[in-house]
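K.L.:
Pasting the sequence and the predicted model now:
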Amino acid sequence: MKVGVIDIGNSLIKCAIIENENVISYKSFEFDEIEKLKNFFKEIDEICYCNVVKNINLNNILTKKKLYELNYETSLIKLNYSKTLGSDRIAKAHYIAFKIKETSIILDLGTATVIDIVNNEFIGGLILLGYKSYLKCLYQSASKLPDLSNQDIEFEEKLIGNTTEEAIILALINAYKFLALKIEENFNIKHKFITGGNAKIFLKYFKDYKYEPYLSLLGLYFWFINFKAQR
């Protein structure tokens, strides 16, 4: 069975068609392109989604489809977190709970940087400034600091920098690595995943992490398959 999945994030609308756990079609859309979802899913009857944006209502767009929303109330796993937990994080947690089934760390490098720990339930996590937000914040807050938000990260791995550019970038990289390492040590992590729109920038600094660009979309798929099975 082919299933349509949609992850409405802070920056993009990520869409996929998944069959037998395989992503057979993928496309991301800007918010002003939302009408294009009709054509992308024209052959799909059932669509599951998660949404962290308040002013988007898929029921007004995909009027002829059966829509299923993953959120805090419809979660199939225990969530050790307040109801403020983002549904995109819940989706990723379902991938771990139903597919991996062992304690895992998820490093999600998107608009924000999010570190979550999941096994058969959502254990908890951290939210940090995202890569570009961090760089823009420094540049806008201190007039003499450079704007590095569009610069490639090509710095040697070391603890401290010897230029302002190195000091800014290495502070971010080492902060992420330090937090991830402490979590790995404290929670007996068995599997490590890295995902998100900025993940490719950091892959060389997290070489022991598995890159899974479709983690939230696959999590939605596993939630939907199990949700339907329980009905």
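P.N.:
Right, received. Where do you want to start?
K.L.:
Now the lowest-mean-pLDDT helix or strand in the chain: buried residues?
P.N.:
The weakest-scoring helix or strand in the chain, judged by mean pLDDT, DSSP states H and E, is helix 131-141 (a mean of 86). Buried positions in helix 131-141, judged by neighbour count with 16 or more other Cβ atoms under 10 Å: 131-132, 134-135, 138-139. Every residue, glycine included, has its C-beta placed from N, CA and C.
K.L.:
Dump those to TSV, plus distance to K54.
P.N.:
Output for these, formatted as TSV (distance: Cβ to Cβ, whole Å):
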residue	distance to K54
Y131	24
K132	22
Y134	24
L135	26
L138	28
Y139	28
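K.L.:
Show me the helices in the chain, by range?
P.N.:
37-40, 87-95, 131-141, 164-187, 199-202, 215-230 (DSSP state H).
K.L.:
now for the second one, which elements pack on it?
P.N.:
Judged by 3 or more Cβ pairs under 8 Å, 6 or more residues apart in numbering; DSSP states H and E, helix 87-95 is in contact with strand 46-51, strand 104-109, strand 112-118, strand 122-129, helix 215-230.
K.L.:
most packed of those?
P.N.:
The highest mean neighbour count among the helices and strands packed on helix 87-95, using mean count of other Cβ atoms under 10 Å, belongs to strand 104-109: a mean of 24.
K.L.:
hmm, back to that, which helices and strands does the least confident helix or strand of the chain pack with?
P.N.:
Looks like helix 131-141 contacts helix 164-187 (3+ Cβ pairs under 8 Å, 6+ apart).
K.L.:
From the contact counts, what lies against the helix it packs on?
P.N.:
Using 3+ Cβ pairs under 8 Å, 6+ apart, helix 164-187 is in contact with strand 104-109, strand 112-118, strand 122-129, helix 131-141.
K.L.:
Can you name the residues that contact N59?
P.N.:
L67 (Cβ atoms under 8 Å, 6 or more residues apart in numbering).
K.L.:
and A167, what does it touch?
P.N.:
160-161.
K.L.:
go on, L220?
P.N.:
So L220 contacts 5-7, 48-50, 70, 91, 94 (Cβ under 8 Å, 6+ apart).
K.L.:
Let's have those residues in a markdown table, adding distance to I168 and pLDDT.
P.N.:
Compiled in a markdown table, these are given as follows (distance: Cβ to Cβ, whole Å; pLDDT from 0 to 100):
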| residue | distance to I168 | pLDDT |
| --- | --- | --- |
| V5 | 36 | 98 |
| I6 | 35 | 98 |
| D7 | 30 | 97 |
| C48 | 40 | 97 |
| Y49 | 37 | 97 |
| C50 | 33 | 97 |
| L70 | 37 | 98 |
| A91 | 32 | 98 |
| H94 | 36 | 98 |
